[in-house]
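Novice: only the shape, not the letters, is given here:
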Ligand SMILES: [Zn+2]
Ligand SMILES: [Zn+2]
């Protein structure tokens, strides 16, 4: 038992005090884990677009002050009452959605949408007592999606922690707790392309590239990347993409372009942009008789999917997925094993390093990148030697032209 068990831990955390204002590295108090909770020491974390979205708080409930962060890797420091399958020292990946193992969804082999622990972006407290485990001089600081990984220590429900191989390097596999698994699982678990088949991937950001990686692992012989930004194509080759289609280069709908390229349509398609027109194209570009389209990207709340029902009657299948259909506790450890046995390549998603102390720089870069056309996704690995807190920051939409994927931003603490 560590000396901190049952005690309040004081540590550093990046606190979002207000919407859109730079995070402030503060000393916070982290209460001990309560019933079915686990306190973990975060070693690596990442910034995903979802963090920025809720930090900007445009169009949703602002919940502040808050500790953001949901893609991470860490080590169990102590466990609360009732936790039997984790113990101090275990290596874990926190996940923004959970698996209670008791509800109808968890008991179904087909679902990962746990009734108890499904993602809830409005809740800023723990389920057990509706209180926060974080505070500064007694003032509560709210949680984010049950993970709040921009802190040296955090408290997470046991159902949102995947126990992984302790030999797996956390600075690499931490990226498997969100976007990469989402794209990978969409292909491996839902689209399920056969060896030698053709797969179209719409949107070549981190999730789309992970979907392409899934197609590569499945042995697809043709992987067609569809993106409005040609700058992404060179990068996408690393992820197994063999051909590229830029819809802007054609006068006709991209589904027709793909049908012509593939003698009637692709065997599988995976849509990762959330743009409604891309969703329809992704469905209509699959081959009749056997084609399967999988929707991953989250659309605008008012979007309506329109297609002629004949497209379905002609034996095309349309599916959707959440977190790649992975059950966090049951399945994510096996995704880590795919990396360990060299089936899945994770390093190519990680291109940069910055320290935790400069976390705002990552936000700035992401925001600057957003306004520019021709954006790509890169991932920043943050390293803070003094605090032993490592963070991986994902910069969506940063322009490839400016940012080399091999450029390392390394700050000595
Ligand atoms: Zn994410
Ligand atoms: Zn459940």
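Specialist: All right, it came through fine. What you see is a predicted model, and the numbers here were worked out from it, not measured in a lab. Ligands and ions are numbered 1, 2, ... in the order given.
Novice: quick one: the strands in the stretch 301-413 of the chain?
Specialist: Taking DSSP state E, counting those that start in this stretch as the criterion, the stretch 301-413 of the chain carries its strands at 317-320, 352-353, 375-384, 389-399.
Novice: show me what the first one is packed against.
Specialist: Think strand 317-320. Applying 3 or more Cβ pairs under 8 Å, 6 or more residues apart in numbering; DSSP states H and E, we find strand 317-320 packed against strand 292-295. Heads up, the C-betas are built off the backbone N, CA and C, glycines and all.
Novice: so how far is the strand it packs on from its chain's centroid?
Specialist: Offset of strand 292-295 from its chain centre (Cα atoms, centre = their mean, to the nearest Å): 19 Å.
Novice: up against ligand 1, what does this structure have?
Specialist: 48, 50, 178 (Cβ under 5 Å from the ion).
Novice: any of those buried? List them.
Specialist: 48, 50, 178 (16 or more other Cβ atoms under 10 Å).
Novice: any idea how far residue 66 is from residue 13?
Specialist: 10 Å (Cβ to Cβ, to the nearest Å).
Novice: neighbour count winner among these two?
Specialist: For residue 13 versus residue 66, neighbours defined as other Cβ atoms under 10 Å are more numerous around residue 13 (28 against 25).
Novice: chain neighbours aside, what residue packs nearest to the more buried one?
Specialist: Using Cβ to Cβ, 6 or more residues apart in numbering and skipping the chain neighbours, the partner closest in space to residue 13 is residue 151 (3.5 Å).
Novice: surely that neighbour and residue 9 touch.
Specialist: No. Between residue 151 and residue 9 there is no contact, the gap being 9.9 Å when judged by Cβ atoms under 8 Å.
Novice: the more surrounded of those two?
Specialist: Between residue 151 and residue 9, counting by other Cβ under 10 Å, residue 151 is the more crowded of the two (31 against 21).
Novice: residue contacts, the more buried one?
Specialist: By Cβ atoms under 8 Å, 6 or more residues apart in numbering, residue 151 lies in contact with 11-14, 28, 30, 42, 67, 69, 134.
Novice: pLDDT wise, what is the closest residue to residue 238 other than its chain neighbours at?
Specialist: Nearest residue to residue 238, sequence neighbours excluded (Cβ to Cβ, 6+ apart): residue 348, at 5.2 Å. In this model, residue 348 is scored at 86, pLDDT.
Novice: residue 406 too?
Specialist: Residue 406 is assigned 19 on the pLDDT scale.
Novice: and what of residue 388?
Specialist: pLDDT recorded at residue 388 is 24.
Novice: now the stretch 51-200 of the chain against ligand 1: closest residue?
Specialist: Relative to ligand 1, the nearest point of the stretch 51-200 of the chain is residue 178 (3.4 Å; Cβ to the ion).
Novice: any part of stretch 328-339 near ligand 2?
Specialist: No. On the criterion Cβ under 5 Å from the ion, stretch 328-339 is out of touch with ligand 2, staying 9.9 Å away.
Novice: could you list the low-confidence segments of this protein?
Specialist: 1-2, 351-353, 365-413 (pLDDT under 70).
Novice: where along it do the helices fall?
Specialist: With helices called from DSSP state H, the chain shows them at 49-56, 104-107, 170-173, 179-185, 206-218, 231-237, 254-261, 276-284, 310-313, 328-340, 359-370.
Novice: contacts for the third one?
Specialist: By that I understand helix 170-173. Identification of contacts with helix 170-173 by Cβ under 8 Å, 6+ apart yields 43-44, 73-74, 91, 93, 164, 336, 339, 346-347, 350, 381, 390, 392.
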